[in-house]
Structure formats: structure tokens, C-alpha cells
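Trainee: Predicted model and sequence follow; I will ask about them next.
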Amino acid sequence: MDTLTVSSGGVLEVRMNARKGRSLYTSRLVKGGEIVIDEAPILLLVAPEMAQSTCIACLRAIGPKERIECSACGQACFCSPSCQVVAHGTPWLHSVPLCSAYKRLAALCLPTDDQAQLRFLLHALALRHAGTPESERRFNALCSLVGEPTESEHAVALRLAPYLKETLAGLSAAESLSLGEGELAMLLRKEQLNSYGVLASQQQVATAAALQTGSSGVCGRRGEATCGGMGGAGCSTNSGEADLPPGEREGGERRLRGSAIYAQASLVNHECLPNVARFDFFDSGRPNSTHVTFRALHDLPPGTELAQSYVPLHWNLAERQAQCRDVYGFDCTCPRCQTESQWSDEDDVESEWETDSDNGDMAADDAAVPAAGEPATGQSRDAGASEPCGDHEVEMQHAQPIIRAPPGEEGPLEPTYLRLFLLKYMCAAPGCFGTAAPVKPGSTLLECNVCGCTRSEQEFLRELERSQQHQEQEQIWRQQL
Ligand SMILES: C[S@@+](CC[C@H](N)C(=O)[O-])C[C@H]1O[C@@H](n2cnc3c(N)ncnc32)[C@H](O)[C@@H]1O
């Protein structure tokens with residue numbers, strides 16, 4: 001492997017991995033809970049159907065009373081007068097050419113998926129043609145992301161190119177603004193492989209539904225922004241990453257308010273057992289609320305490759321493999337996949353997690369649950385605080401699990417390791433399935449990156465005890481059958 005560059009913070013370096021392409025590796029010991037990436041976005045995009053409740057400048061969820069609608073196009077809104085000024089004055093946010101293109105686009109009454117892709121292309125064009133050092137830096141960063149177009153993106157680009165031309169028609173420099181079909185296809189592929197889905201808050205989903213029932217600013221098929229990007233990446237998550245907590249699911253999928261593209265965060269490859277979790281803070285009201293951060297789940301020795309999961313942790317082998325192949329264009333051969341591919345159907349972890357989570361009565365009952373997409377280290381509980389253990393103190397020192405960094409890529413894993421890993425790092429709140437990381441270095445309090453619930457070590461040990469009892473009971477039943 002060749003070292004390509006060293007990140008500014010000195011924690012990470014980019015190396016070439018023969019199978020995965022560019023990869024981020026730790027250049028020193030990273031403690032569990034340590035932030036390894038904290039980065040501003042290249043581009044933020046609001047999902048068309050969330051345009052009436054999401055600030056186009058900072059992606060904050062906006063309540064009906066505070067929102068300021070763009071009076072020129074009616075297709076974007078702002079959370080504050082200052083965001084309005086910033087958006088209008090920034091070529092790649094909501095400057096006059098973008099605003100007029102948004103208006104023309106809405107008049108075409110296209111399906112929401114098409115609108116979303118065309119909006120992305122418009123913003124990319126704005127970056128390319130703004131002519132400022134900052135826009136050039138962002139456009140170059142976008143172009144440096146991985147993504148060679150497939151036939152599918154070429155077909156979409158061919159289909160969308162006339163609409164793009166139409167949305168740009170009113171602009172004086174329209175001819176020079178257009179891009180060739182090949183470039184459009186390339187940008188679309190880069191967006192698919194590298195953008196992180198930003199989850200909608202529960203209140204936002206309700207607001208969007210109410211607004212759509214009344215007069216909608218978006219015409220055409222009533223689409224839904226569902227988890228497509230990473231973490232969706234995979235979807236927030238890419239995110240990215242899982243089903244929403246109850247109340248935020250629709251059709252079993254997360255709802256997204258939009259997506260974000262980050263340069264360094266786009267270099268984090270996938271493993272079905274991640275060692276970092278992505279957190280965002282769009283609704284926190286704090287400075288740098290558009291930054292993404294990645295926290296280590298556990299200690300990472302120097303030379304460890306950072307790995308996030310592009311898919312929800314509870315997905316079964318077939319679902320994970322299909323998503324990696326169909327959306328991201330690779331076959332996942334990670335240690336977890338190797339392990340599970342040797343299992344019989346009875347060993348499938350998914351049904352087990354559903355059973356455990358449905359019956360679970362912990363974290364969500366104990367912790368205040370912020371809206372999805374809002375988990376913020378500084379907003380949650382006191383980092384050192386330990387949770388009450390209930391009336392009966394649990395004596396479980398003997399069960400202290402040993403969870404170390406996963407072994408190398410060789411796999412397969414010990415089934416016990418896999419089980420413990422998921423029990424420890426997958427959020428225990430019913431139906432959540434987010435990924436939990438220590439709130440800060442040295443802390444044993446884990447915080448979920450989807451619902452924001454926290455879980456102490458003691459609670460984890462109780463859950464472990466419950467899970468072991470469950471397993472023993474299951475074995476007895478199997479023997480009896
Ligand atoms: C968000 S990018 C990650 C950074 C990328 N490796 C690069 O060179 O820029 C996602 C792409 O990385 C590659 N990738 C990520 N995880 C992988 C894995 N576990 N196995 C093989 N390829 C992987 C795939 O090409 C995928 O489409």
C-alpha cells in the first residue's frame with residue numbers, strides 16, 4: 001500500500017487499498033470515543049419534498065412559524081434572516097440563477113427523484129461556474145470523489161439533460177452553463193456513491209406531510225426521500241445507515257430531509273462491523289452545525305483502517321450484500337459476511353435482533369430521545385454519568401465481555417465476537433438499530449447516532465445477561481423439539 005497524503009489533524013492518512021481503492025488509516029492509537037473526522041460539507045442538498053421544512057443554507061429542520069419562504073421561487077426556505085442572506089449571496093446555495101432554475105424546475109412537474117437529481121446537478125453547475133476560489137475548491141473536491149458512471153447513470157443523464165437545459169433557459173449564460181452527458185453521468189455517480197443521507201426529524205415528517213396535504217410547492221408524483229445515500233451513506237446514512245425509530249419510519253425506511261457531501265468522510269470504506277460511527281448536528285443550533293463527525297467505537301491501534309457501515313447493522317447477509325453490490329458496486333467480503341455466509345438460516349441474526357429489540361425495555365425508556373439526525377455529543381447526557389440500574393443491582397463482573405478491535409480483513413469471526421459486538425454497539429432502543437459510540441474518549445457511556453439514546457456499561461451488562469438467558473432458553477426449546 002502507498003501512503004498518499006496525511007490528514008491535517010495527524011490522526012489519519014490516506015492509503016491505497018488494492019480492493020477498496022482509497023482508504024483512511026489511523027496513524028496513531030485512537031481511543032474509543034475520540035473524534036477522528038470533523039469536517040464541513042462540500043455541498044448540502046434539501047430533498048424536494050422536505051423543501052418547505054428544511055433550511056436550504058444549513059439543513060436545519062424548520063418549524064412552520066419560523067420558516068421564511070423564498071418569495072421569488074417558493075421552492076426553498078430559510079430558518080433565519082441570516083441564513084436567507086447567506087443563501088442568496090452564495091452562488092451554490094440559493095443565488096439568483098439557482099433560484100430561477102428552481103422555479104423553472106418546479107414548473108416541469110417531474111417526479112421527486114428526478115427533481116432531486118436535477119437539483120444536485122444545478123448545484124454542481126453552480127459550483128463549477130461561480131468563478132470564485134472557494135467554488136473552484138469545492139467543485140474540484142466533488143470531482144475528486146470516486147465514481148465512474150455505469151450504463152444506468154448514462155441513461156439517467158441522457159433523460160435528464162433536456163430538463164436541465166430547460167431549467168437553465170432563462171439564464172443569460174445558459175449555453176456555457178451546460179455540461180455534456182458524460183459529465184452529468186459522472187456527477188450523478190459520484191453523488192450516489194458519496195452523499196450522506198440526513199435524517200428528517202419526527203416533527204419535520206409531520207410538518208412536510210401537512211404542507212403536502214395543503215398546497216404543495218412540489219408537484220408531480222408524491223415521492224419520499226428515503227435512505228439512499230451513505231448512512232443512510234448507505235444513509236445517515238450513507239446515513240445514512242438504519243430504520244428509523246418508531247414514528248419516523250415509513251414503509252420500513254428512514255425519511256430523509258436531504259443529503260450532504262463531504263470530501264474526507266467520503267473516503268471511509270464499508271465493513272458490516274464498523275469501527276467508527278457518524279454523527280451530525282444540523283438541529284443543534286451550535287456553530288458548525290453542518291459539520292459531520294466520526295467517533296471511534298473502541299480503541300483503534302495505529303494502522304487500523306476506518307470502517308463505517310453503509311447499511312443498517314441489523315440487516316441480514318443477503319440485504320447487506322445486495323445493497324453493497326447494487327448501490328455501491330462492490331461485493332462485500334468483510335469478516336462478518338464471511339462468518340454469516342457459513343451459517344444456516346436458523347443462525348440468522350436479524351430475527352434475533354428484532355426479537356430482542358421488540359422485547360427490550362431499556363435505553364429508550366431511560367433516556368430522552370432527541371429527533372433523529374440530531375444526536376450531538378454536547379447535547380446529550382453528562383458524558384461521565386452512569387445510568388441508574390433499577391431496584392436490583394446486577395452482579396455481573398464475571399460476564400465482563402472482552403470486545404477488542406475486530407481482526408484484520410481475513411475473517412471469519414468468532415460467532416461470539418459478532419454477537420457481543422452487535423449487542424454492544426447496535427442501539428438497543430426498540431426499532432432503532434443505530435450505531436452507538438462512546439460519548440467521549442475514556443467514557444463507557446455509549447450514544448446512538450440515530451436516536452441519541454445513551455446506554456451505560458451496567459445497562460449493557462444487564463442486556464448481555466438477558467441475551468444469554470434468552471439463548472439458553474432457546475437451546476432448551478431446540479433440544480425439546
Ligand atoms: C464512499 S467511497 C469510499 C472511498 C473510496 N474507496 C475511494 O477510493 O474514494 C465508496 C466506494 O469505495 C469502495 N468500497 C468501499 N468499501 C468497500 C469494501 N468493503 N469492499 C470493496 N470496495 C469498497 C467501493 O468502490 C465504493 O463504491
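Mentor: Happy to help now that I have it.

Trainee: From one end of stretch 325-338 to the other, what's the distance?
Mentor: 16 Å (Cα to Cα, to the nearest Å).

Trainee: Quick one: mean pLDDT for it?
Mentor: Stretch 325-338 shows a mean pLDDT of 95.

Trainee: Pull out the buried residues from it.
Mentor: Under the neighbour-count criterion of 16 or more other Cβ atoms under 10 Å, stretch 325-338 has 327-328, 332, 334-338 buried. C-beta coordinates here come from the backbone N, C-alpha and C atoms, glycine included.

Trainee: For the ligand, state which of these is nearest.
Mentor: Using Cβ to the nearest ligand atom, Tyr328 is the member of these that sits closest to the ligand, with 3.9 Å.

Trainee: residue contacts, that closest one?
Mentor: Neighbouring residues of Tyr328 by Cβ atoms under 8 Å, 6 or more residues apart in numbering: 193, 270, 310.

Trainee: ok so, going back, dump the buried residues of stretch 325-338 to TSV, plus secondary structure and distance to Gly452.
Mentor: Formatted as TSV, the buried residues of stretch 325-338 follow (DSSP: H, G, I helix; E, B strand; the rest coil; distance: Cβ to Cβ, whole Å):
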residue	secondary structure	distance to Gly452
Val327	helix	26
Tyr328	helix	27
Cys332	coil	28
Cys334	coil	27
Pro335	helix	29
Arg336	helix	25
Cys337	helix	29
Gln338	helix	33
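
Trainee: ok, and which of those reach the ligand?
Mentor: Under the cut-off given by Cβ under 6 Å from any ligand atom, the ligand has 328, 332, 334 from the buried residues of stretch 325-338 close to it.

Trainee: what about the helices in the stretch 51-200 of the chain?
Mentor: 81-89, 96-107, 112-129, 133-143, 151-168, 174-177, 181-194 (DSSP state H, counting those that start in this stretch).

Trainee: And the second one, what does it pack against?
Mentor: Helices and strands in packing contact with helix 96-107 are listed as helix 112-129, helix 151-168; criterion 3 or more Cβ pairs under 8 Å, 6 or more residues apart in numbering; DSSP states H and E.

Trainee: nearest to Arg462, of these?
Mentor: Closest of these to Arg462 is helix 112-129, at 43.4 Å (criterion: Cβ to Cβ).

Trainee: and that closest one, average pLDDT?
Mentor: pLDDT averaged over helix 112-129 gives 96.

Trainee: just the angle between it and helix 96-107, please?
Mentor: 160 degrees (axes from the mean of the first three to the mean of the last three Cα atoms, to 10 degrees).

Trainee: Excluding covalently adjacent residues, which one is nearest to the residue of the chain found nearest the ligand?
Mentor: The ligand sits closest to Gly21 of the chain, with a gap of 2.9 Å, by Cβ to the nearest ligand atom. Nearest residue to Gly21 in three dimensions, chain neighbours excluded: Val146, at 5.8 Å (Cβ to Cβ, 6 or more residues apart in numbering).

Trainee: again with Ser135
Mentor: Counting by Cβ to Cβ, 6+ apart, the residue nearest Ser135 is Leu127, at 4.9 Å.

Trainee: Cys70 against Phe78, yeah?
Mentor: Yes - Cys70 is within contact range of Phe78, at 7.3 Å (criterion: Cβ atoms under 8 Å).

Trainee: Which residue of those two possesses the greater neighbour count?
Mentor: Using other Cβ atoms under 10 Å as the criterion, Cys70 and Phe78 rank with Phe78 on top: 26 against 20.

Trainee: That one and Glu465, how far apart?
Mentor: Per Cβ to Cβ, to the nearest Å, Phe78 is found 50 Å from Glu465.

Trainee: after the helix or strand of the chain with the lowest mean pLDDT, next one along is what?
Mentor: Using mean pLDDT, DSSP states H and E, helix 363-366 stands out as the lowest-scoring helix or strand of the chain, at a mean of 26. Next along the chain after helix 363-366, taking DSSP states H and E as the criterion, comes helix 415-425.

Trainee: Show me what that next one is packed against.
Mentor: helix 335-341, helix 349-359, strand 436-438, helix 457-480.

Trainee: who in the stretch 151-300 of the chain is up against the ligand?
Mentor: Counting by Cβ under 6 Å from any ligand atom, the stretch 151-300 of the chain sits next to the ligand at 193-194, 266-267, 269-271.

Trainee: right, and the pair among those with maximum separation?
Mentor: Across those (Cβ to Cβ), the longest gap, 17.2 Å, separates Asn194 and Glu271.

Trainee: The two - which one has more neighbours?
Mentor: When Asn194 and Glu271 are compared for neighbours, Asn194 comes out ahead with 25 against 22, by other Cβ under 10 Å.

Trainee: What sits closest to that one if chain neighbours are left out?
Mentor: Per Cβ to Cβ, 6+ apart, closest to Asn194 is Ser266, 4.1 Å.

Trainee: What confidence value was assigned to Trp477?
Mentor: Note on Trp477: pLDDT of 81.

Trainee: Give me the distance between the residue lying farthest from the centre of the chain and Glu472.
Mentor: No residue in the chain sits farther from the centre than Gln480, which is 43.9 Å out by Cα atoms, centre = their mean. Look at Gln480 and Glu472: by Cβ to Cβ, they are 13 Å apart.

Trainee: go on, Arg336?
Mentor: Following Cβ to Cβ, the distance that separates Arg336 from Glu472 is 24 Å.

Trainee: swap in Leu108?
Mentor: 61 Å.

Trainee: Of these two, which one has the most company?
Mentor: Per other Cβ under 10 Å, whichever of Leu108 and Glu472 has more neighbours is Leu108, with 14 against 10.

Trainee: What is the neighbour count of the residue lying closest to that one once chain neighbours are set aside?
Mentor: Distances taken as Cβ to Cβ, 6+ apart place Tyr163 nearest to Leu108, at 5.9 Å, with adjacent residues excluded. Residues contacting Tyr163 under the criterion other Cβ under 10 Å number 18.

Trainee: before we move on, back to that, assign the residue nearest to Asn194 to helix, strand or coil.
Mentor: Taken by DSSP: H, G, I helix; E, B strand; the rest coil, the conformation at Ser266 corresponds to helix.

Trainee: picking that back up, check contacts around the residue nearest to Leu108.
Mentor: 105, 108, 110, 114, 118.

Trainee: is it true that Ala277 touches Gln308?
Mentor: Yes - with contact defined as Cβ under 8 Å, Ala277 and Gln308 form a contacting pair (7.2 Å).

Trainee: what residues are shared contacts of those two?
Mentor: Taking Cβ under 8 Å, 6+ apart as the criterion, Ala277 and Gln308 both touch Phe294.

Trainee: deepest of the helices and strands packed on helix 415-425, which one?
Mentor: Greatest average neighbour count among these goes to strand 436-438 (a mean of 27), per mean count of other Cβ atoms under 10 Å.

Trainee: continuing past that strand, what's the next helix or strand?
Mentor: strand 446-448.

Trainee: Quick one: list the elements packing against the following helix or strand past that next one.
Mentor: As assigned by DSSP H and E, the chain's next helix or strand after strand 446-448 is strand 454-455. With contacts defined as 3+ Cβ pairs under 8 Å, 6+ apart, strand 454-455 has these neighbours: strand 446-448.
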